[in-house]
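Enquirer: Any chance you can model this:
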Amino acid sequence: MRLATLILPTLLIAGGGVAALAQTAPAVAPAASSPASDIVQGRRAAFRLSGATLGNLKAAAARGDDLTKVAGQARALAGWARAIPGMFPAGSNVAPSEALPNVWTDRAGFAAKAADYAAAADKLAELAKAGDTAGFTAQVDAVGKTCGACHAVYHVPPKA
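Expert: Residues are numbered from 1 along each chain as shown. Okay, the predicted model is just below:
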């Protein structure tokens, strides 16, 4: 499956997330291209879009927006979560990857964390579709916690 097939729908659905990302993402000089480095660049971009989308959803709830209009963004997060394990094929732990080696040595655990993220995002989409502001607001936090749970185990810790 081509990388653009996974990322382009997220870009289109994220809407305002793209604008927010463009304002906060640092310019990245093109690296020497290889299939592995292309995968790393694609998944890094998709993770940034995921974070921007989640931030937009949280802001929509805080503003009191009509949540039925953002259900597609939550579904996009769930779709991305299901794609995450496939974005870490063998041999793709190359710079500038921030994945820890246990992504590849603990595939079952890694896939389980991605499945938790997908399930949380699916529930978020259901709450958005129902227009349940209180449930949606709580679930946005739950989705964020599933992201953090995976990063705590499989991602290089942020620099202090």
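Enquirer: what's the longest helix in this protein?
Expert: Criterion DSSP state H: the longest helix present in the chain is helix 35-63.
Enquirer: give me the number of residues near Pro158?
Expert: A count of nearby residues for Pro158, using other Cβ atoms under 10 Å, gives 7. Backbone N, C-alpha and C define where each C-beta goes, glycine included.
Enquirer: Tell me the secondary structure of it, please.
Expert: Classification of Pro158 by DSSP: H, G, I helix; E, B strand; the rest coil places it in coil.
Enquirer: Just give me the residue closest to the centre of the chain.
Expert: In the chain, the C-alpha closest to the average C-alpha coordinate belongs to Ser50, at a distance of 3.2 Å (Cα atoms, centre = their mean).
Enquirer: Isn't that one up against Leu77?
Expert: Yes: counting by Cβ atoms under 8 Å, Ser50 touches Leu77, with 6.1 Å between them.
Enquirer: Where do the helices of this protein begin and end?
Expert: Per DSSP H, the chain carries helices over the ranges 3-14, 16-24, 35-63, 71-83, 102-105, 107-130, 133-154.
Enquirer: Now do the third one against helix 133-154, angle only.
Expert: This means helix 35-63. Orientation of helix 35-63 against helix 133-154 (axes from the mean of the first three to the mean of the last three Cα atoms, to 10 degrees) gives an angle of 150 degrees.
Enquirer: for the record, mean pLDDT for helix 35-63?
Expert: For helix 35-63, mean pLDDT rounds to 95.
Enquirer: in it, what's buried?
Expert: 36-37, 39-47, 49-58, 60-61 (16 or more other Cβ atoms under 10 Å).
Enquirer: for the shortest one, same thing?
Expert: Neighbour-count burial for helix 102-105, with 16+ other Cβ under 10 Å as criterion, is recorded at Val103, Trp104.
Enquirer: next one: stretch 89-98
Expert: Residues of stretch 89-98 classed as buried: Ser92, Asn93, Ser97, Glu98 (neighbour count, 16+ other Cβ under 10 Å).
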